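**Q** could you work out the structure for the sequence below:
(one chain, ligands or ions: 2)
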Amino acid sequence: MSMISIRQVSKCYGTFAAVDDVSMEIEQGTITALVGTSGSGKSTVLRMINRLTDISTGTIEVNGRDIMSQSPTALRRSMGYVIQGNGLFPHRTVAQNIATVPQLLQWSTQAITQRVNELLELFNLDPAVYAHKLPHQLSGGQQQRVGVARALAAKPQVLLMDEPFGALDPVIRHKAQVDLLAVQQQCGITIMLVTHDMEEAFALGHKIAVMHAGKVLQYGTPEDILVRPAHPFCTQLTGTTERSLKLLALIKAQDYVTPQTLNTPLTLPAEATLREVLAELTWQGQPAANIANSAGQVLGSLTLQQILRAGQAR
Ligand code: ADP
Ligand code: MG
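**A** Ligands and ions are numbered 1, 2, ... in the order given. Just a heads-up that it's a prediction; the model follows:
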């Protein structure tokens, strides 16, 4: 079942359609990246889901319920929302910030403390060190993690993120993306993430919706967008350089491994992407590597030739 159903939704300001007849079904437990140029309607789609912006026409259902049948306040408390620059309350401690929604929902003090500590640990922030700090005492990357922790505090089924990593420098941004993927896998939440960065959309999205002038031009897997672009604008966004490498970056070694162990000095992790395997083979001057899981068990092998085939236009 879809966690979020967007059916023929438009948002008009006067005669201008900021969002123009958008339909999307978002599967539970997936990350959907909304990508497009500035002003294409991405934030408006997100803000209609939690009723920060009213829909003009069409319907949105979350978890099978029409959002219009719920009060905006209850709806917002049932979904996490993260915006660029994290929006933390500056005069409240990290713990108080994270506790915001559980407090509104009148959880017990004990349940709140437990949840705050659990989240701080999930984001690698030692509660003893960070719980009582104020936001300005943290680095940008740490503030951003607290912003996501706060959005997850009441265990929402849906997390809406509007350019959450936009203010971070590239290295911290990459780390934040990796952390988000790990957290998403751990808690199985459904995420809708707005970004203007196609690379970020590729790194995070199980599905990508390419938006332009209020319309969704293509809604598909990263591979769909890359290999079967539905519109010249999609090609323009992905770029035509290094398409093979972008494709290889979407495939994990464990999903392409041949169950045959080879006599090679090189063993690489199953979670590595084919792009990473290619880079390592090239660097080591090896034609093949064995692939092992995190327990060290060898699953099989990958050869250069197999990787070259995986990166071919299809
Ligand atoms: P994006 O997030 O993709 O940059 P937005 O969803 O914020 O785009 O905005 C889409 C379009 O709607 C833009 O042209 C923007 O100027 C317009 N828009 C957004 N909010 C309003 C508003 N309150 N009144 C009029 N136009 C608006
Ligand atoms: Mg926006």
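
**Q** check contacts around the closest residue to ligand 1 within the stretch 51-200 of the chain.
**A** Of the residues in the stretch 51-200 of the chain, the one nearest ligand 1 is V194, at a distance of 6.2 Å by Cβ to the nearest ligand atom. Every residue, glycine included, has its C-beta placed from N, CA and C. By Cβ atoms under 8 Å, 6 or more residues apart in numbering, the contact set of V194 is 33-35, 42-43, 45-46, 161-163.

**Q** what about the helix or strand bottoming out on mean pLDDT in the chain, distance to the chain center?
**A** Counting by mean pLDDT, DSSP states H and E, the chain has its least confident helix or strand at helix 170-187, which shows a mean of 89. Between the centre of helix 170-187 and the centre of its chain there are 8 Å (Cα atoms, centre = their mean, to the nearest Å).

**Q** just to revisit the earlier point, checking the residue of the stretch 51-200 of the chain closest to ligand 1 next. Helix, strand or coil?
**A** Following DSSP: H, G, I helix; E, B strand; the rest coil, the label given to V194 is strand.

**Q** does it have beta-bridge partners, and which?
**A** L34, D162 (DSSP bridges).

**Q** can you tell me how far the closest residue to P102 other than its chain neighbours is from V146?
**A** Spatial nearest neighbour of P102, chain neighbours left out: I112 (4.8 Å); criterion: Cβ to Cβ, 6 or more residues apart in numbering. Using Cβ to Cβ, to the nearest Å, one obtains 15 Å as the distance from I112 to V146.

**Q** more neighbours, the two?
**A** Comparing I112 with V146 by other Cβ atoms under 10 Å, the one with more neighbours is V146, at 25 against 22.

**Q** which residues sit in contact with the more buried one?
**A** Here V146 is in contact with 86, 88, 94, 97-98, 123, 125, 130, 135, 138 (Cβ under 8 Å, 6+ apart).

**Q** same deal with R7?
**A** 23, 58-61.

**Q** restricting to the contacts of V194, which residues neighbour ligand 1?
**A** The subset of the contacts of V194 within reach of ligand 1, by Cβ under 6 Å from any ligand atom, is 42-43.

**Q** can I get the contacts of V194 in a markdown table with neighbour count and pLDDT?
**A** Shown next, in a markdown table, are those (neighbours: other Cβ atoms under 10 Å; pLDDT from 0 to 100):
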| residue | neighbour count | pLDDT |
| --- | --- | --- |
| A33 | 26 | 98 |
| L34 | 28 | 98 |
| V35 | 26 | 97 |
| K42 | 25 | 98 |
| S43 | 21 | 97 |
| V45 | 27 | 98 |
| L46 | 21 | 97 |
| M161 | 25 | 96 |
| D162 | 19 | 96 |
| E163 | 19 | 94 |
